[in-house]
Every structure is written in structure tokens, then in C-alpha cells.
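1. I'll drop the sequence and a predicted model, then ask my questions.
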Amino acid sequence: MALLHVENLGIHFGPPEDPVRAVDGISFEMAAGETMALVGESGSGKSVTALALTRLLASPPARYVSGRIEFEGRDVLRLPERELRALRGSGIAYVFQEPSSSLNPVFTIGYQIREAIDLHRPEIRDVTGEIVRALDTVGIREPEKRLNDYPHQLSGGMQQRVMIAMALACRPRLLVADEPTTALDVTIQKQIMDLLKALKQQSNMAILLITHNFGLVADFADRVLVMFQGRIVESGPTAEVLRNPQHLYTRALIECVPKLGQKQRRLKVIDYAGIN
Amino acid sequence: MTTYLIRRILLLVPTLLGITLLTFLLVREAPGNIALMKGAGGENGSRAMTAEQREAMIKLYGLDKDPFTAYAEWIGRLTRLDLGDSWVDHRSVVAKIGERIGLTASLAGSALLISYLVAIPLGVIAAIKRGQVTDRAISFTVFVLYSIPSFAAALLLILLVAGGDYLNLLPMYGTNSINASEMGRFEWLWDRIQHMILPVICLTYGSLSYISRYARVSMLEALAQDFIRTARAKGLPERLVILHHALRNALIPIITIFALELPVLISGAVIIEEIFSLPGMGQLMFASLEARDNPTIMGITVFVSILTLLGYLLADILYVVVDPRIRYE
Ligand SMILES: Nc1ncnc2c1ncn2[C@@H]1O[C@H](COP(=O)(O)OP(=O)(O)OP(=O)(O)O)[C@@H](O)[C@H]1O
Ligand SMILES: [Mg+2]
């Protein structure tokens, strides 16, 4: 049985007569422990898909117009509020794009991780010890001291590590990382990706990495989904898609990645005329 | 923080000097003075003063002096905490204010407390129910309240519930009933509370509507933040997302506007105390302005200014307490 099964998912915004089809009938599966990348340009519906997995998109304005989302056999779109909350964080956890605004500025990072642990792992006695371990896992030095820091006292990279620690603290079966490095410096980007890679190897947690950068995908994801205007236009094992992209749009996205050592004056502009 | 505080407290001095100098010159140079008021006669059957008597009185009160010299003298006495004596009844201004400050403070304090206690839940509910009937009803009510002047509300309330024409539920004026001295402690307290209900309502609803609007906006702002999505993604119940994560952030600007409310409440008290015949600072201010009792006017000005300035200082300190991002150097 698949860990996650999405079938014909459709999510619209705006007036029903003339909807914005943010997600337009997509289907995909993820197995336990699998890493998958969801690639696509800005506005293609990646974040909407990601948030829909735990119904985090408020409805209204979003309308779940069609399809099913099944996580570990549970029908997410019809799950009662209570069970949905249990699923959030412990079944599927998130890391978002902007670490600086994703953490609550008025609570210490230790407190914000504690909240997650208290909620989903009440059996743990030494919560502080668990928080320290969580911070240690994501490579934060002297975690006992950092515990009482407020988010603004940390750098962007450190804040994102805290977000990851908070997501991992509840031992989710699926981690959704929605452009986790887009807001960070290039060097920090690499550190965070290395961290995610290390975590992938250590645990049996599935990871859905959302990005518009094919460059991050190559040595990270087992499989890749390419999204374009709310639809999945291509999917398959990463190596295969990279070697032999079937869809014009995929090809354009791959060419957008600046190759190392190769001087490129200008980023390639996607030519929409040939697509579709 | 400590150096910041010391600097802020030192800054109070020039601010206070500015306020008092302006007020001093204003009340002194405005047309008319105490001698003219007293000398007009007619009050309590007294006869009008002669020109010589009036001159003597102007000399006695120092009204013939150069205003800046007079101000310097007044400041000199202030540094010895001497606010002088009232020109009306020759009692010490400090004593006069002292016996009235309690009433005004309890009026303004209750108004501020009730404003916040009602306004924050109202604002939060309006924000959660944004655009729905509840939000619109709250917004409309609060807007109407905000536009009613307090003297009109006072007169309306007296007419409706305290006049006897319609309902006679509450006393119309004063701080206690005539037979208050014969009452037991709790009976007295209950009597006092009944007398305070209408004045407090009149003093409260304006601030209340303003703060609730403010609370709605800052709550909406907080709810739109990314960290709210994070809180939900963690699986926190909606109640905690709103009342803990969002409200805790929304409170930061709400708490600090209380400093702005202080002067509003005190000037509101001038009118309300006059209408309800309450012997507080407001009424004293009103009476001393009428009588051109300069020392009392100046005394009250000093009191209210210090209170307001301390309010601002307290608001700044509260900022540091509630917002970990803010540190004063
Ligand atoms: N709250 C909303 N109201 C209206 N439309 C929305 C809303 N959220 C998303 N959309 C629409 O859904 C579409 C997909 O948006 P989505 O955020 O999923 O894009 P994305 O692929 O994540 O892009 P990016 O790379 O910029 O994050 C967009 O066209 C956007 O206009
Ligand atoms: Mg996105």
C-alpha cells in the first residue's frame, strides 16, 4: 500500500463560473521512505498541492472540487477535524520557504518545538532533552543554549534548521519541504540540502521536495514530478527524466539550471509558444 | 535598558517644562483674571470691588509681574514640590488635588480596564468572523458608539434610566446617596458602585470602540502571518492558534496604545464629572478655569502631564516586555 495516494485532485480559487484551476486533476503516489521532487515554475500549483495534503488551505477561498487524498489509508479530505489535527505534524510535517516569518517571533524556538512534542508525543518524559536532541540532529551547536533564543536571534539558515527540527520532532512519515532553500544564500542553501540528504539516509521518512530548481533535484530525489499550470506534465525516475525529458516544458526547466563551469550570460527564458 | 530608562526619565524634565510654560502663559495672558472675576460682585451678595481694591488684588497675586519672571518663580516653588495655594479658597493646591485625585483615578482606571476587557474579545471575534454577519454587526455598533459625543450619551442615559421619566434604575448624580453616612460598609460600597455605573459607561464606550477596532486590525494582521500556518501545520487546535499564537502577537500594539488613551480619558472626565456632579479632578479643573484660579489650573496641569508622560514611558517599557525583538540601547 502506498504511503500517499493522490487521485484526480482538483483545487480551484475564485468564482465557480470562471475558476483559477490552481490544481487541475493531478494524480500521484508516494511509497514510504521515498524521496520525490515536485518541480515547476512559480504559480504552477506546487504549494497548493503541498498544503492540500493536510487540508491546510483554508476553504474558502480554496475549493476542493475533485479527487481524493489518501494518507496511510485515511481519506484526508473527509477526515474529521480532530483526526486531521493528529495527522498534521505527526503524519505529514512541513518546512516552508520563509524561515524568518514561519517561526512565531514572540516564542522561543525551544517552546515552539516543545508545543509539537507535547501535542503528538505526550509519552515523552524528558521533553527538554528531546528538544535538545532535535536541535542537535539538525546541526545546531550548543543546543542547550539556543533553546531559549527567539527566532530573530538566529540567522536565516539557523532558523530553517529549527523549522526542520520542529518538523522532525514529531517523527512524521512524510516531510513536505516547500522550497526550503529559496530564501537563503547559496552557501546556506547547500548546507540545508546536505542536511536534508543526511536525514533522508538516517530515517525511513518520505520526503516531498518542492522546488523550481532542477539543479537541486538530480542527486536528491528518487522520482520527480513536473507540474505546469496545475497539471502534472511529466513524471518518472529522476535520472531518466533528466536524461531524456519528454515534455518541452521539462526540457526548458532543465535548461534553466545554470551549469557549473559554464559561463552563461543570460538565463534561458522559457518559450511558452511551443508548450502544450 | 537601564541607561535608556534614565535617559527617558531625564527627557521628561524638558518636556514638562515646555508643557507648563505654554499653559502658564496661556492661562495668564488670556483675557480676564481672578481679580475681575471676584471684583464683579453679586456672588453671595458681596459688593463690587473698588478700583483700588482690584489693583491691590492684582499685586497680591503677582499678576502685574512680567509673565516669564512669574513662571520662573512658580518653577522655583515647584522644585520644592510647592504648588502654592488656590486663589479661590486659599487652600493648598496639593491638598485640593489630593482629595479629588482618587475619584478621577478610579473613574479613568475602571474605564480603561473595562475598555480593554470588552474591546479585545470584540476585536478578536470580529477578526475571526471577518466579513460575516457577526463582524459587520460589531463593526457597525462600535462605529455608531464611537461617533456619539459623551455628553450626549450622558444626557440620554440620564433621561432613559436615571431621570424617572422612563426608568428609574440608577442615581442621576453625585458619588453617594444623601444617607450614605448611615450605611454599613457593603451597603455604602454598593451605593457608590450604583452611582459610578453611568459615569463609567460614558467614559468607557469611546475608548472601547476605538480599542476594539484597533484589536480587530492587529488580530487580522497576525492571523495573516506565515507562523499561523506553521502553528496549524503542527496540528495545534484552532483555539490555540488564535488565542495563543495570533493573539499574543496582536496584543503588542494593542497594549501600548493605552498610553494614548490616558489623556483622552482625563479630558473625558472633565465633562463627565461636571455632568454627573462628581467631585473629581475634572470638575476641579472646570471650576478653576471658570474662576481663573491659576495656581490650581497649573497644579492640575502638572499632575496630568506627569501622568501622561509616565503613561508613555510605561508603554515603551511594556513594549520590551511583550515583544522579544525590541531592545532599547
Ligand atoms: N489564496 C489564494 N487565492 C487565490 N488564488 C490562489 C491562492 N493561493 C494560490 N492561488 C493561485 O494558485 C496558483 C498556484 O499557486 P501556488 O502557490 O501553488 O504556486 P507555486 O507553484 O507554489 O509557485 P511558487 O514557486 O511561486 O511558490 C497560482 O496561480 C495562484 O494565483
Ligand atoms: Mg509555492
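-> Thanks, I have the structure now. Ligands and ions are numbered 1, 2, ... in the order given.
2. from here on, contacts and neighbour counts on C-alpha atoms
-> Fine.
3. Could you find the closest non-adjacent residue to A:Ala182?
-> I think there's a mix-up here, since residue A:182 is Thr and not Ala. Using Cα to Cα, 6 or more residues apart in numbering or on different chains and skipping residues adjacent in sequence, the residue nearest A:Thr182 is A:Gln97, 6.3 Å away.
4. Can you get me a residue count around the one you found?
-> 21 (other Cα atoms under 10 Å in any protein chain shown).
5. Secondary structure class of it, three-state.
-> Following DSSP: H, G, I helix; E, B strand; the rest coil, A:Gln97 is assigned to coil.
6. Touching, A:Thr211 and A:Val39? I think so.
-> Yes. Contact status for A:Thr211 versus A:Val39: in contact at 5.2 Å, counting by Cα atoms under 8 Å.
7. mind checking the backbone torsions on residue 115?
-> Picking chain A for this. phi -50, psi -40 (degrees, to the nearest 10).
8. what residues are up against B:Gly62?
-> B:Ala70 (Cα atoms under 8 Å, 6 or more residues apart in numbering or on different chains).
9. what helix or strand does residue 101 sit in?
-> Going with chain A. Per DSSP states H and E, A:Ser101 falls inside helix A:99-102.
10. right idea, wrong chain: chain B
-> Counting by DSSP H and E, the element that carries B:Ile101 is helix B:93-128.
11. quick check, that helix touching chain A?
-> No. No part of helix B:93-128 sits close enough to chain A to count as contact by Cα under 8 Å from any Cα of the partner chain; the gap is at least 13.0 Å.
12. quick one: buried residues of that helix?
-> Of the residues in helix B:93-128, those with enough neighbours to count as buried (16 or more other Cα atoms under 10 Å in any protein chain shown) are B:93-94, B:96-97, B:100-101, B:103-105, B:107-112, B:114-116, B:118-120, B:122-128.
13. Helix or strand next in line after that helix, which one?
-> Immediately after helix B:93-128, counting by DSSP H and E, sits helix B:133-147.
14. Whichever residue of the stretch 201-329 of chain B sits closest to ligand 1: what's it in contact with?
-> Here the residue of the stretch 201-329 of chain B nearest ligand 1 is B:Ala224; by Cα to the nearest ligand atom that distance is 11.0 Å. Contacts for B:Ala224 (Cα under 8 Å, 6+ apart) come out as none.
15. Now do B:Ser150 against B:Met183, distance only.
-> To B:Met183, B:Ser150 is 32 Å away according to Cα to Cα, to the nearest Å.
16. which one of these two has more residues nearby?
-> Applying other Cα under 10 Å to B:Ser150 and B:Met183 shows that B:Ser150 carries more neighbours, namely 22 against 12.
17. and that one, how far is that from chain A?
-> In this structure, B:Ser150 and chain A are 38 Å apart, going by Cα to the nearest Cα, to the nearest Å.
18. Could you say whether B:Thr175 sits in a helix, a strand or coil?
-> Per three-state DSSP, B:Thr175 ends up coil.
19. Local confidence estimate at it?
-> For B:Thr175, the pLDDT comes out at 77.
20. how many other residues sit next to it?
-> For B:Thr175, using other Cα under 10 Å, the count is 20.
21. With A:Ile124 instead?
-> A:Ile124, neighbours per other Cα under 10 Å, totals 12.
22. Help me confirm that it is found in a strand?
-> No. Secondary structure of A:Ile124 (three-state DSSP): coil, not part of a strand.
23. how far away is it from chain B?
-> 17 Å.
24. so where do the helices sit in the stretch 1-150 of chain A?
-> A:46-52, A:81-90, A:99-102, A:109-120, A:127-137, A:143-146 (DSSP state H, counting those that start in this stretch).
25. that older thread, so for the helix holding A:Ser101, mean pLDDT?
-> 91.
26. Check stretch A:202-217 too.
-> On average, stretch A:202-217 scores 86.
27. Repeat that for stretch B:68-87.
-> The model assigns stretch B:68-87 a mean pLDDT of 87.
28. Going by neighbour count, list what's buried in that stretch.
-> Within stretch B:68-87, the residues scored as buried using 16+ other Cα under 10 Å are B:Ala70, B:Tyr71, B:Trp74, B:Ile75, B:Leu83, B:Gly84, B:Asp85, B:Ser86, B:Trp87.
29. Stretch A:226-239 too?
-> Those would be A:Val226, A:Met227, A:Phe228, A:Gln229, A:Gly230, A:Arg231, A:Ile232, A:Val233, A:Glu234, A:Ser235, A:Thr238, A:Ala239, for stretch A:226-239 by 16+ other Cα under 10 Å.
30. for the closest residue to B:Ser277 other than its chain neighbours, what are its contacts?
-> Closest residue to B:Ser277 apart from its sequence neighbours, by Cα to Cα, 6+ apart: B:Gly174 at 5.2 Å. Residues in contact with B:Gly174 (Cα under 8 Å, 6+ apart) are B:His195, B:Phe276, B:Ser277, B:Leu278, B:Pro279.
31. And residue 155, its phi and psi?
-> Unless you meant another one, I'm taking chain A. Dihedral angles (degrees, to the nearest 10) for A:Ser155: phi -70, psi 170.
32. repeat for B:Gly62
-> phi 70, psi 20.
33. any idea how far ligand 1 is from it?
-> 71 Å (Cα to the nearest ligand atom, to the nearest Å).
34. just to revisit the earlier point, got the contact list for the helix holding A:Ser101?
-> A:96, A:151-152, A:156, A:159-160, A:163, A:183, B:225-230.
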